[in-house]
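*Asks:* Got a predicted structure here, sequence first:
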Amino acid sequence: MKRRSLPVAAALAATAALLLTACGGGDDKSSDNDKIAGADQESKKPTKSAEPAGAAEDSPDGVDVSLPKDMNLVFDWDKPKAKNEAAAMDDAANYLRAIYKGVDKRTAEGAAVTAYSTGDGLHYAQVQIGERLDGGWTATGTRRFYDSTTRSTTNGTSVEVAFCSDASKFYGKEVKSGKVLKTDPSPTDFSHYKIIMVKYPTGDGLWQASKVFVEEEAAKCQ
């Protein structure tokens, strides 16, 4: 896959009342770059070919991650100076877009999900999508991601992308009726994420989510 440029601060998609839940465990206090939880997982070749590309910003690796206009995901963060960390951050955002594209398209087996995730990251994405399919929900509104940090292993093949999420303006929506399931703002709207990104080994510049950690009701994000 050839990488195309992708703005880090982009408005795309997500869900609000339906928060992502944690997968796996980890020590949030670790500061050793070589002890990033989940960094030992290897990247794997996507099992499906890419979907037809839309606009350039919606297909940075030839994979369609476009979403409906009423699904708005905002990445309000600064790109790091380190090249590998910047690329890993871009694809962490694409991983989240891929999850919500699966929610919109009603499938957990789409090319975007398999392109941007591997191992536990792939399982996590498929569980998140599957729960919404089973519940008959999609999503509408705006979700904001902010206060991002990155750190990488010494060999540069694994990067931890951490950030906050504000889902106070994200709402679940019933697929059949179109009813928006609005909720009152609460601490449950704020979460802190750590996504372990691993470098795709072919040199194409693609990074895949290998593990996801989520702290719900995160005080640091409120």
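*Replies:* Thanks, I have it. As the structure is a computational prediction, the values presented were derived from the model and not from experiment.
*Asks:* contacts, neighbours, all on C-alpha from now
*Replies:* Noted.
*Asks:* With only the CA atoms kept, save stretch 132-149 in CSV.
*Replies:* Extracted in CSV, the C-alpha atoms of stretch 132-149 (Å, rounded to 0.1, in the frame of the first residue of the first chain):
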residue,chain,number,x,y,z
ARG,A,132,-23.5,-2.4,17.9
LEU,A,133,-24.7,-4.7,15.2
ASP,A,134,-26.3,-6.9,17.8
GLY,A,135,-28.0,-4.0,19.4
GLY,A,136,-29.2,-2.5,16.2
TRP,A,137,-27.3,0.8,16.8
THR,A,138,-25.2,3.1,14.7
ALA,A,139,-24.0,6.5,15.8
THR,A,140,-24.4,10.2,15.2
GLY,A,141,-22.8,13.4,16.6
THR,A,142,-19.2,14.6,17.3
ARG,A,143,-16.5,12.9,19.3
ARG,A,144,-13.3,14.8,20.1
PHE,A,145,-9.9,13.3,20.7
TYR,A,146,-7.2,15.5,22.4
ASP,A,147,-4.2,15.7,24.8
SER,A,148,-2.2,13.1,22.8
THR,A,149,1.2,11.7,23.6
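*Asks:* Name the helix or strand for the spatially most central residue of the chain, please.
*Replies:* By CA atoms, centre = their mean, the mean C-alpha position of the chain lies nearest to residue 96, the distance being 2.3 Å. Residue 96 is located in helix 83-105, with elements delineated by DSSP states H and E.
*Asks:* Show me what that helix is packed up against.
*Replies:* If contacts are counted by 3 or more CA pairs under 8 Å, 6 or more residues apart in numbering; DSSP states H and E, helix 83-105 sits against helix 111-116, helix 119-135, strand 137-152, strand 158-174, strand 190-199, strand 207-216.
*Asks:* That one vs strand 190-199, what angle?
*Replies:* Helix 83-105 and strand 190-199 meet at an angle of 120 degrees, taking axes from the mean of the first three to the mean of the last three CA atoms, to 10 degrees as the criterion.
*Asks:* Identify the residues contacting the nearest residue to residue 211 once chain neighbours are set aside.
*Replies:* Once its chain neighbours are removed from consideration, residue 211 has its nearest residue in residue 121; the separation is 4.5 Å (CA to CA, 6 or more residues apart in numbering). Contacts here follow CA atoms under 8 Å, 6 or more residues apart in numbering; on that basis residue 121 touches 209-212.
*Asks:* From residue 99, how far off is residue 121?
*Replies:* Plainly put, residue 121 is 11 Å away from residue 99 if you go by CA to CA, to the nearest Å.
*Asks:* most remote residue from the chain's center?
*Replies:* Taking CA atoms, centre = their mean, the residue of the chain most remote from its mean C-alpha position is residue 177, at 27.3 Å.
*Asks:* Please identify the helix or strand for residue 177.
*Replies:* Mapping residue 177 onto the secondary structure by DSSP H and E places it in no helix or strand at all.
*Asks:* And it, its phi and psi?
*Replies:* For residue 177, the backbone dihedrals (degrees, to the nearest 10) come out as phi -90, psi -20.
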